[in-house]
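Quick one: sequence and predicted model below, then my questions.
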Amino acid sequence: MRGYQAVIGVEIHVQIQSKRKQFCSCPAVNTREISDANKFTCPICLGHPGVLPVLNSESVRNTLLLGIRLNCNIAKRSIFARKNYFYPDLPKGYQITQYHTPLLTGGEVEYFYEGQLKKAPLERAHLEEDTAKIFYLEDGTNFLDFNRAGIPLLEIVTEPVFTSPREVVAFLEELRFILRELEISEANMEEGNFRCEPNISVRPLGSTKLLTKTEIKNLNSFGTLIKALEYEIQRQTEVWESGEKVERETMRWDEHLQKTVPMRMKETQADYRYFDEPDLPPLVITDEQIEMARREAEKYQRKLNWDGRELIFPAGTARQMEFLVSTLFLSTSDAKLFALNPEYLELLSEVYQITRDLKETIIWLLQEYKPLSETLDVRLSPNIIAELIQIKKQGAVTTAQARKVLALCAKSGKSVQEAIEELGFGKTLDDEEMTRICGKVIEENSKAVNDIRRGKVQALKVLVGAVMKETGGRANPIMVEEKLKYLLNL
Amino acid sequence: MKHMLSLTAHELMKLYARSELTPFELFELQLAFARKIEPRINSFLSLRSVVDEEVGKVPYKNADNLLSSVPVSVKDILATKDFTTTAGSKILEGYLPPYDATVVSILKETNNFIVGKTNLDEFAMGSSTENSGYYPTLNPWDTTRVPGGSSGGGASSVAALQAFVGLGTDTGGSVRQPASFCGVFGFRPTYGMLSRFGLIAYASSLDQVGIFTRDVLDIAYAMNTLSKPDPLDATCIATGDIDFVCFIEGNTNTEGLRLGVISGLMNEQVIDAEVLELCEESLRILAGAGVEIVSVELPFIDYLLPCYYILTSAEASSNLARYDGIRYGLGVDEAPRRNLKEQYYEVRGVGFGQEVKRRILLGTYVLSAGYAEKYYNQARQLRKIIVDSIDEIFGEVDFLFAPTSPTPAFKLGEKLDDPVKMWASDVCVVLANLANIPSISVPGWLNKEALPVGIQFMGRRGEDARLLAFARAYEVSASLRFRVPPMVEEALNNFEY
């Protein structure tokens, strides 16, 4: 692979969440059970003679929302076209799509990769309709399910800007997150509502010329996407190195062979005979619709009060990642947890506001509070968490004790003080009891005592630990150490 | 009573209103005669055998200027739940649509009686109804001649007293030309005035439902009934707020109106001399009614047919792609183990007729990479130019005039082997479709062989009511009266009921 660089672009077919199909009023529902096959169909989505399409306005609204979020140009007038080809999953013998005038052009998806904010420029995003689903049955027959036929689709096409499979995945994860957060799509790869088809070429390092690309279809997880791309980079590099030429073709990932293999139908050679769809008038977008989408996008912004400043993040994680990593110096993995979980980010800001100790606050939120809150499904106020962190820092309770206090607060709804009291922490032992217990520990740990006397001062910690254990954590370790020194005449 | 069958629909409704007969009586009579004469004409692909009590026993409702309780024939390219709908093609033999076309639903809601489904050239591709995948329809004026096409069965059914009103479709004259051949009125509204939902598409950007009647007023009644907004057709522009009947009755004056005669279509090289003579006669009558006759030149007249055939073939090649025998129609149940290619070849090879295949091939060719620029895109641009120039011409004149067809009805088989000759017979009618304007064929006079000859008026886009008012004024000035073809007259006289 030395000396070659991959150039990758992606086409993503996103099923747009909508009550209705793109051009008829059937419910837009993917088949879960085979017994539900062909339940959500009508003469229109079955392509009966004489039917006509009528555009679904909900999918247009969703697309405009995405267009605003990704800073795309929105076509004020876009035209639908017919893409003509024969296949049993295509009931009309053509797919209604957009060709010369996509609803969205340009724009970009910001994503956070290798510690920095990056931008993936988009070429276009256009509306179209999904095809039926073919099930290849074991007896050799094919079963057609038209529930999927006509489900609203948005095809998003990036510029070829990615250089590594992992970067592609970082981009796709962010796009998927944005689509979900804006409630535009469930964007679930396994369910087939987020289908990625990368196209890839390689070129000698330093060259700016694009060489022949191949397309890879039927990838159903990010894992296979990475494997397929890595394989294809290797394969193409070897082809060029051997003096041969890479063919322009459509490949699929073969899970058994663990390699990409050419698909039988060479789609790239097909002539789709596009022409304007005469059954649909041009889609005209008004300024009011754009304004509505803008207001809608604002609703999905995340506002964060950080140290008295109001920060505004658009839907998605990239800008928050940038803030957390570049400004607050969080580790990427910690930052990701906060960016993916808005409520923790808000807690972080509120708790930090009180504790002023970012490091401790992060540790307590992510390592202690988060798992606890998720298992018990309870939420604690930022004040409780902050109070606990502060009490612990003052040394009034140990870390182990603080953990128990937190758990009790979460379980019982008690305040920090109440919990500490109930657990008997932080109460200073009276001098008599302390003397008694320390004496007992000294007696029982003659080896450690001997070590100490021989000058091995660290062994004192063993005794402190034993006393703490004996007291059930009720003693202040500093005071215990003082007492032990006194009793041992140190 | 049997002579009521030659009335117009509005005359018939007057009889209902005066309780001189019930719809059920009339429907039974209508069906009996339609069935009797049918073997001599073949207007229908399916013809009702009995009057359904449910439909027939509904009393006449005197609705405001709507078509109601009238026997109507429907071209077999409009979807009907209760009749197979074949588009005249073997590929849809036995196909029973799961829904009604919007215009059909409206006819039913207004208690009209659908007599049957009329014959047509397969998928409306043709000008003689000889391209029907089943059998040709014969002209009731002369059964050795064609009724025109593609809505030939619709025109012949209204002429032969098998229905009072016929619904056809007009993509390139398919209502007006057969109306002219059969001596009835044929109206093609502005594109979008009638819903296309349920109209089996041939060329979607030009297809439009059209109406056959025995006078202009009946068209107005039909338009009042059928021209309604339709949420299922995104290209439907109907508002439903014009009363065509009232409009016509209130606009009878033709004084000072300007009628542009399309000189390129009044040319002896293109048009039969006798047809021209009859056209001149009509123009004299109009001039007598105060209409100013002017001549207009259309610079693009030679390009009308190529433009029309490129666009319609292109759209047809796509519209007809859905007939793969997988979900409905021919080949669904047969040989389920065929592979995909065999399925396509067999179903489409057997199911489509020659003319349809010709246009699919032509359309696929003109849309193909490398040829689209040369043919399809140029034809699109040309259509824009045609639309713009027609709009400009309508700044100068109120209406346009041309013959409906270069000749009267031609003989069966006369043009069947020469597609170009057949296509040329559309030269007078395609303008209205390309320019997207309303147009009506009005029966003129009979020629020396006693064949009807139609004349054509065209109006401004969306001014359908105004065009109908003008046609009505002409009808009155010329004292036109629906003429029953002699063969039908004789059959009616011998009809015992």
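Yes, it's here. Residues are numbered from 1 along each chain as shown, chains lettered A, B, ... in the order given.

What separation do you get for the residue of chain B found nearest chain A and A:Phe23?
Nearest to chain A in chain B, going by C-beta to the nearest C-beta, is B:Ala321, at a distance of 2.4 Å. Where you see a C-beta, it was placed from the backbone N, CA and C, and this is true even at glycine. According to C-beta to C-beta, to the nearest Å, B:Ala321 stands 16 Å off from A:Phe23.

ditto for B:Phe470
B:Phe470 is 39 Å from A:Phe23, by C-beta to C-beta.

center of chain B - which residue?
The centre of chain B sits closest to B:Val175, judged by C-alpha atoms, centre = their mean, with a distance of 2.1 Å.

residues contacting it?
B:Ser151, B:Gly154, B:Ala155, B:Gly168, B:Thr169, B:Gly186, B:Phe187, B:Arg188, B:Gly210, B:Ile211, B:Phe212, B:Ser441 (C-beta atoms under 8 Å, 6 or more residues apart in numbering or on different chains).

list the contacts for the first one?
When the contact criterion is C-beta under 8 Å, 6+ apart, the partners of B:Ser151 are B:75, B:118, B:120, B:124, B:129, B:166, B:168-170, B:174-175, B:178, B:210, B:212.

can you list the weak-confidence ranges in the chain?
No chain was given, so I picked chain A. For chain A, the stretches with pLDDT under 70 are A:1-2, A:264-269, A:426-429, A:472-474.

other chain: chain B
Counting by pLDDT under 70, chain B has low-confidence residues at B:332-337.

what about the strands in it?
Counting by DSSP state E, chain B has these strands, from start to end: B:44-47, B:71-75, B:113-118, B:165-169, B:185-188, B:209-213, B:258-262, B:292-296, B:399-403, B:439-446, B:452-458.

Same question for the stretch 101-250 of chain A.
With DSSP state E, counting those that start in this stretch, the ranges of strands along the stretch 101-250 of chain A come out as A:104-105, A:108-113, A:116-129, A:133-136, A:142-145, A:152-158, A:194-204, A:214-217, A:250-254.

and of those strands, who's closest to B:Val366?
strand A:116-129 (24.0 Å; C-beta to C-beta).

is chain B contacted by the closest one?
No - Strand A:116-129 is not in contact with chain B by C-beta under 8 Å from any C-beta of the partner chain; minimum separation 13.9 Å.

Can you report how many residues neighbour residue 306?
In the absence of a named chain, chain A is used. If you count neighbours by other C-beta atoms under 10 Å in any protein chain shown, A:Trp306 ends up with 15.

sorry, should have said chain B
Look at B:Pro306: counted by other C-beta under 10 Å, it has 14 neighbours.

What is the neighbour count of the closest residue to it other than its chain neighbours?
Computed as C-beta to C-beta, 6 or more residues apart in numbering or on different chains, the closest residue to B:Pro306 that is not its neighbour in sequence is B:Ala379, at 7.2 Å. B:Ala379 has 22 neighbours, counted by other C-beta under 10 Å.

Assess the claim that B:Ala379 and B:Leu311 are in contact.
Yes - between B:Ala379 and B:Leu311 there is a contact at 5.1 Å, judged by C-beta atoms under 8 Å.

so what's A:Glu190 closest to, chain neighbours aside?
A:Asn220 (6.4 Å).

Verify the stated contact: that neighbour with A:Met189.
Yes - between A:Asn220 and A:Met189 there is a contact at 5.8 Å, judged by C-beta under 8 Å.

Show me what from the stretch 101-250 of chain B comes close to chain A.
B:101, B:196-201, B:203-205, B:231-235.

Pick out the most distant pair among those.
It's B:Ala203 and B:Pro231 that sit farthest apart of those, by C-beta to C-beta, at 23.3 Å.

These two: who's more crowded?
Taking neighbours as other C-beta under 10 Å, B:Ala203 and B:Pro231 compare with B:Ala203 leading, 26 against 11.

Now do the same contact list for that one.
B:Ala203 makes contact with A:Pro278, B:Thr171, B:Gly172, B:Leu311, B:Thr312, B:Ser313, B:Glu315, B:Ala316, B:Asn319 under the criterion C-beta under 8 Å, 6+ apart.

now swap in A:Met189 and tell me
A:Met189 neighbours (C-beta under 8 Å, 6+ apart): A:Arg195, A:Cys196, A:Asn220, A:Ser221, A:Phe222.

What about the fourth one, how many residues nearby?
Counted by other C-beta under 10 Å, the residues lying close to A:Ser221 total 11.

again, but for the third one
When counting by other C-beta under 10 Å, one arrives at 16 neighbours for A:Asn220.

circling back: please render the strands of the stretch 101-250 of chain A as CSV that adds mean neighbour count to the earlier fields.
Formatted as CSV, the strands of the stretch 101-250 of chain A follow (neighbours: other C-beta atoms under 10 Å in any protein chain shown):
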stretch, mean neighbour count
strand A:104-105, 22
strand A:108-113, 21
strand A:116-129, 19
strand A:133-136, 13
strand A:142-145, 16
strand A:152-158, 23
strand A:194-204, 21
strand A:214-217, 20
strand A:250-254, 18
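
B:Asn339 is nearest to which of those strands?
strand A:142-145 (10.3 Å).

Just checking: what are the partner strands of the closest one?
strand A:133-136 (antiparallel) (DSSP bridges).

How far off centre is the partner strand?
Computed by C-alpha atoms, centre = their mean, to the nearest Å, the chain-centroid distance of strand A:133-136 equals 30 Å.

Report how many residues lie close to the nearest residue to B:Asp272 once chain neighbours are set aside.
Spatial nearest neighbour of B:Asp272, excluding adjacent residues (C-beta to C-beta, 6+ apart): B:Thr407 at 4.6 Å. When neighbours are defined as other C-beta under 10 Å, B:Thr407 has 18 of them.
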